[in-house]
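S.K.: here is a sequence together with a model predicted from it:
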Amino acid sequence: MNDTVSVRGLKRTFKQGETIIQVLRGIDLDVRQGEIVALLGPSGSGKSTLLQAVGLLEGGFEGSIRINGEEAAALENDGRTRLRRNALGFVYQFHHLLPDFSAAENVVLPQLIHGATRAAAEERADALLSSLGLAQRLTHRPSQLSGGEQQRVAVARALANRPLLVLADEPTGNLDEATADIVLAEFLRLVREEGSAALVATHNERLAAKMDRVVRLHDGVLE
Ligand code: ADP
Ligand code: MG
């Protein structure tokens, strides 16, 4: 089995006052090595909740999440953090870049945390950002970049540590349609070049159709 991620019977409920909301009602999902899967569903259907669970950003779920063969549900916090750092990369709708650091440093820092040397981290940041057309933007701060450029930096950061799986939550949702198309195409190209798998949440059918496979979230289960 070379599944990068294998999710079985994943359930997530939230309590709002007296009401219990069942958002995920038993999700089964496999993402294979290098596969790019679109997670399609309307707003409020639970896409972000599912990505947060698979991203090991939140406990509180029932079921099994195996990442690279390791059962996340069985891990303590330290183990989850290690697995997250080693295997996963994240892109969000809003870039979440560090505002006081340059584009290059935003891609260098996660590599240093991961144990890379500064020289190697800078070389990789330069290569990733250049591949995304940002060779002339390395020393710019996020606020000096356009929205599309900011998301490109976020893409480079997500791939910096060569993750098995990139989790992307509406990665172009904050961009105008033309820019979203270009940035998504670049994101998909780079993920493929790097050999990572990706799970990409979107409510946009047209964007979802550009990926290898589409799964639809409906009433808390995948169709
Ligand atoms: P999507 O990303 O598809 O728009 P979400 O995963 O953000 O959907 O939300 C799915 C449902 O779960 C929504 O009804 C939302 O209100 C609810 N929800 C998400 N996070 C929480 C939370 N921390 N507490 C309570 N309800 C939540
Ligand atoms: Mg969401």
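M.R.: Perfect, thanks for sending it. Numbering: from 1, shown residues only. Ligands and ions are numbered 1, 2, ... in the order given.

S.K.: can you give the contact residues for the longest helix seen in the chain?
M.R.: In the chain, with assignment by DSSP state H, the single longest helix is helix 177-194. Contact with helix 177-194 is made by 34, 36, 91, 128, 131-133, 147-148, 151-152, 155-156, 159, 162, 166, 168, 171-173, 175, 197-198, 207, 210-211, as judged by C-beta atoms under 8 Å, 6 or more residues apart in numbering. Every C-beta, even on glycine, is put in place using the N, C-alpha and C of the backbone.

S.K.: residue 126 and residue 134, how far apart?
M.R.: Applying C-beta to C-beta, to the nearest Å, the value for residue 126 to residue 134 is 10 Å.

S.K.: joint contacts of the two?
M.R.: Common contacts of residue 126 and residue 134 (C-beta under 8 Å, 6+ apart): none found.

S.K.: compare those two (neighbour count), which wins?
M.R.: Remark: of residue 126 and residue 134, residue 134 carries more neighbours, 22 against 17, as counted by other C-beta atoms under 10 Å.

S.K.: out of the contacts of helix 177-194, name the ones that lie in strands.
M.R.: Here DSSP state E is the test, and the contacts of helix 177-194 give 36, 91, 166, 168, 197-198 as lying in strands.

S.K.: spatially nearest residue to residue 208 (excluding sequence neighbours)?
M.R.: Taking C-beta to C-beta, 6 or more residues apart in numbering, and ignoring the residues beside it in sequence, residue 208 has residue 38 as its nearest neighbour in space, at 3.6 Å.

S.K.: beyond the host helix or strand of the one you found, next helix or strand please.
M.R.: For residue 38, the host element (DSSP states H and E) is strand 36-40. Downstream of strand 36-40, the first helix or strand assigned by DSSP H and E is helix 47-54.

S.K.: so which residues on the chain come close to ligand 2?
M.R.: Listed as neighbours of ligand 2 in the chain under the rule C-beta under 5 Å from the ion: 47-48.

S.K.: please name the bridge partners of the spatially most central residue of the chain.
M.R.: Centroid-nearest residue in the chain, with C-alpha atoms, centre = their mean: residue 167, separated by 2.0 Å. Residues in a beta bridge with residue 167, per DSSP bridges, are residue 90, residue 199.

S.K.: state the distance from it to ligand 2.
M.R.: According to C-beta to the ion, to the nearest Å, residue 167 stands 12 Å off from ligand 2.

S.K.: wait, isn't that residue in contact with residue 53?
M.R.: No: in this structure, residue 167 is not within contact of residue 53 by C-beta atoms under 8 Å, at 10.1 Å.

S.K.: if we can go back for a sec, next, the contact list for the residue nearest to the centre of the chain, please.
M.R.: Neighbouring residues of residue 167 by C-beta under 8 Å, 6+ apart: 51, 54-55, 88-91, 198-199.

S.K.: farthest-apart pair in those, please.
M.R.: 54 and 91 (13.7 Å; C-beta to C-beta).

S.K.: so where's this structure uncertain?
M.R.: 1-2 (pLDDT under 70).

S.K.: kindly report the residues of it close to ligand 1.
M.R.: 14, 16, 21, 23, 41, 43-49 (C-beta under 6 Å from any ligand atom).

S.K.: out of those, which is most surrounded?
M.R.: For the residues of the chain next to ligand 1, the largest number of neighbours (other C-beta under 10 Å) sits with residue 46, at 25 neighbours.
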